[in-house]
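Chemist: Dropping the sequence and predicted coords here.
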Amino acid sequence: MRDGDEGPVARNVLGERLRTCCTAPMTGFYRTGRCETGPQDVGLHVVCAEMTEAFLAFSKSRGNDLSTPVPAYGFPGLKPGDRWCLCAGRWKEALDAGKAPKVVLAATHEAALAVVSLDELKAHALDLS
């Protein structure tokens, strides 16, 4: 659930307040910079990941080209080092293929735990905060 007056505070996989993933480029299903989720987010864009060349190529090979800009949607295209809220299922698919990018635990929404384990996320963590 999104932060705000309408409901509880969004939590990360560590049970703490969800932190910002990235604002340049602006990420998140709601384009708030945070990997928040809600009923409209059927893809569950909740894993804050740091892009790598290997993951971007993997995602493109699966039909989701994240590296090509789409100006009509204000999407700049991603490059290695950019952080982005990924679909939990795509991150898991990349994990199984040996192409999973590193994640920021503090900025990964707790809803990711319905798809991947905390141990899997910790094994690919940029931080342990």
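Modeler: Now that the structure is in, tell me what you want to look at. Numbers count the residues shown, from 1 in each chain.
Chemist: Distance-wise, check Thr20 relative to Thr27.
Modeler: 9 Å (CB to CB, to the nearest Å). To be clear about C-beta, it is placed using only N, CA and C from the backbone, and glycine gets the same treatment.
Chemist: what do those two both touch?
Modeler: By CB atoms under 8 Å, 6 or more residues apart in numbering, Thr20 and Thr27 have these common neighbours: Gly33.
Chemist: Looking at the two, which has the bigger crowd around it?
Modeler: Neighbour tally, Thr20 and Thr27, criterion other CB atoms under 10 Å: the higher count belongs to Thr27, 25 against 16.
Chemist: Now the more buried one: phi and psi?
Modeler: Here is the backbone geometry of Thr27 (degrees, to the nearest 10): phi -120, psi -180.
Chemist: wait, it sits on Arg83?
Modeler: Yes - using CB atoms under 8 Å, Thr27 is in contact with Arg83, at 6.7 Å.
Chemist: which neighbours do these two share?
Modeler: Cys21, Cys48.
Chemist: My guess is Cys48 contacts Cys21. True?
Modeler: Yes - Cys48 is in contact with Cys21 according to CB under 8 Å; the separation is 3.7 Å.
Chemist: more crowded one of the two?
Modeler: Ranked by neighbour count (other CB under 10 Å), Cys48 and Cys21 place Cys48 first, with 33 against 29.
Chemist: And for Ala111, the neighbour number?
Modeler: Ala111 has 21 nearby residues by other CB under 10 Å.
Chemist: Identify the residues contacting it.
Modeler: Contacts of Ala111 by CB under 8 Å, 6+ apart are Thr37, Leu44, Val46, Ala88.
Chemist: so it sits in a helix?
Modeler: Yes - counting by DSSP: H, G, I helix; E, B strand; the rest coil, one finds Ala111 located in a helix.
Chemist: re the thing from before, now do the shared contacts for Cys48 and Cys21.
Modeler: Here Cys48 and Cys21 have Thr27, Cys35, Arg83, Trp84, Cys85, Val104, Ala107, Thr108 as joint contacts, going by CB under 8 Å, 6+ apart.
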